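> quick one, what's the 3D model for this:
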Amino acid sequence: MVKAQPSTAKNTPDTPHQLGDVVDQVAGWVDRLGWVWVTAQVIELRRRAASMQFLTLRDITAERSATVTCSTTVLDSAGPLAEGMTVLALITPTVWQKTSRLSFQCTDLRIAGEGRLLAAIEALKQKLRAEGLFDPIRKKSLPFLPSRIGLITGAGSAAERDVLTNITRRWPGADIEVRHSLVQGPQAAAEVMTTLADLDANPSIKVIIIARGGGSLEDLLPFSDEGLVRAVAAARTPVVSAIGHEPDNPLIDLAADVRASTPTKAAEIVVPDVLAERTHLDTAITRLRQLISSVLREEHSWLQMMRSRPALRDPLTNVRAHQEWLSIHQARLNRAIDQRIALESTELGHALRTMRAMSPKATLERGYAIIADTEGESITSAHEVTAGKKLLIHLHDGRIQVEVSNQKDDQ
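Next up is the predicted model:
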């Protein structure tokens, strides 16, 4: 860049300077300023894929702004930068000779004030989130009505009064164990951790509230302490975080099992409203009675209908009907049996007569006889016997034993 020396010659319309010479002189003056640290607020941040990034910085007290360029490395090294943050920037002013435009190049950028704290808190948040300390699956459910409540808060604080007043109003019989602790300053986080450990070790404590009123970012900084956040996440007893007001969001809000926007809200979360519960109970009792009455009416109506049926008016009706049906079928069965016996008797008589007509006994009754030897063998021929042989003569009414005196052939 060419650096022109200022002219000492008198300047008139008749002896004008070249514009480029004037620009060169201004650029020389600006270059001689060198680098300078400034404090300003980031009002616009445009990240680009290129290595050169653009920021718009505004004076904190006056309506003045300037565009600043910096490398991606400088921007990233500043930490999680966002619009609205206050920064410290090491800038070098430059005048571009071609356009006469004044620009600033930033070679170092640091977050200042609350922005620095916010950046540190954001970095810790990302670290703990990556470890899973804020996962919803790790969070414990609060008991419907805890038998004993632990409260960690500042001594005589408005937060303590709000929690105690609202818990007592909502559930007068609530048992609360109050532990006072520092809630601001460099020792606050360690003291809250110690108190939390004592309450968590007590099995009678069913829920723990950590409460503090609102304040600046620095005032609430102990509740973003890494050790305290880890202690809250590791507590066996469910923990309710009630720090500051609705916009405040220290890191223990993310690690706690439940986050309350205010100490008053914590009381509403931890215990039910006795008046509301009584109303719900009365409503449930009324509905139950209505349901029971409805069921009884339906059952009574069904019973009356059943009682009006003939079978229930006279239980023997069906018995008599079946008895009559049984008598009819019994009579039919008896008649069928008699008819069958008569038929079988007739057929049997016919068979007997036929058998008798064909039997030897019938022949014997007509005067015939059967002759057999003493062994029972029938004698059918005179040649089968000899004189002296004993025979048996079978008649229709008995047997006669005879002895053959002689044998005579009719031939």
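
> now the helices for the stretch 51-200 of the chain?
Secondary structure of the stretch 51-200 of the chain by DSSP state H, counting those that start in this stretch: the helices cover 72-77, 114-130, 158-170, 188-200.

> host element of Gly376?
Here Gly376, judged by DSSP states H and E, is contained in no helix and no strand.

> how close does it get to Glu365?
Using Cβ to Cβ, to the nearest Å, one gets 21 Å for the distance from Gly376 to Glu365. Where C-beta positions appear, they are placed from N, C-alpha and C, glycine not excepted.

> most centrally placed residue in this structure?
With distances taken as Cα atoms, centre = their mean, Ile137 lies nearest the centre of the chain, 11.2 Å away.

> low-confidence regions, the stretch 201-350 of the chain specifically.
For the stretch 201-350 of the chain, the stretches with pLDDT under 70 are 311.

> quick one: the strands in it?
Assigned by DSSP state E, counting those that start in this stretch, the strands in the stretch 201-350 of the chain fall at 207-212, 239-243, 258-259.

> would you turn those into JSON lines with mean neighbour count?
Converted to JSON lines, the strands of the stretch 201-350 of the chain look like this (neighbours: other Cβ atoms under 10 Å):
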{"stretch": "strand 207-212", "mean neighbour count": "28"}
{"stretch": "strand 239-243", "mean neighbour count": "27"}
{"stretch": "strand 258-259", "mean neighbour count": "20"}
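
> would you list the ones you listed in TSV and tack on distance to Thr195?
Converted to TSV, the strands of the stretch 201-350 of the chain look like this (distance: least, Cβ to Cβ, whole Å):
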stretch	distance to Thr195
strand 207-212	9
strand 239-243	12
strand 258-259	19
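
> per-residue confidence at the residue nearest to the centre of the chain?
The confidence metric pLDDT takes the value 94 at Ile137.

> sorry, back to before: neighbour count winner among Gly376 and Glu365?
Neighbours per residue (other Cβ atoms under 10 Å) separate Gly376 from Glu365, with Glu365 holding more: 13 against 7.

> tell me how far the closest residue to the more buried one other than its chain neighbours lies from Met355.
Of all residues not flanking Glu365 in the chain, His396 sits nearest, at 4.5 Å (Cβ to Cβ, 6 or more residues apart in numbering). His396 is 16 Å from Met355, where distance means Cβ to Cβ.

> what's the next secondary structure element after the longest helix along the chain?
If you go by DSSP state H, the chain has its longest helix at helix 316-358. Using DSSP H and E, the helix or strand that follows helix 316-358 in sequence is helix 360-365.

> can I get the CA coordinates of that next one in CSV?
Coordinates of each C-alpha in helix 360-365 appear next as CSV, following Å, rounded to 0.1, in the frame of the first residue of the first chain:
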residue,chain,number,x,y,z
PRO,A,360,-87.9,-137.7,18.0
LYS,A,361,-90.1,-137.3,21.1
ALA,A,362,-93.1,-136.6,18.9
THR,A,363,-92.4,-139.8,17.0
LEU,A,364,-92.1,-141.7,20.3
GLU,A,365,-95.5,-140.4,21.5
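
> following element in sequence after that helix, please.
Sequence order places strand 370-373 as the next helix or strand after helix 360-365, per DSSP H and E.

> and Pro238, how many neighbours?
Neighbour count of Pro238, defined by other Cβ under 10 Å: 20.

> my read: it touches Val258, true?
Yes. Pro238 lies in contact with Val258 (Cβ atoms under 8 Å); the separation is 7.2 Å.

> list residues touching both of these two?
Counting by Cβ atoms under 8 Å, 6 or more residues apart in numbering, the contacts common to Pro238 and Val258 are Leu142.

> elements contacting the longest helix of the chain?
For helix 316-358, the contact count by 3 or more Cβ pairs under 8 Å, 6 or more residues apart in numbering; DSSP states H and E identifies helix 310-313 as packing neighbours.

> nearest residue to Leu199 in space, please, no chain neighbours.
Per Cβ to Cβ, 6+ apart, closest to Leu199 is Gly150, 3.9 Å.

> show me the contacts for the one you found.
By Cβ under 8 Å, 6+ apart, the contact set of Gly150 is Ile176, Glu177, Arg179, Leu199, Asn202, Ile205, Val207, Ile208, Ile209, Thr237.
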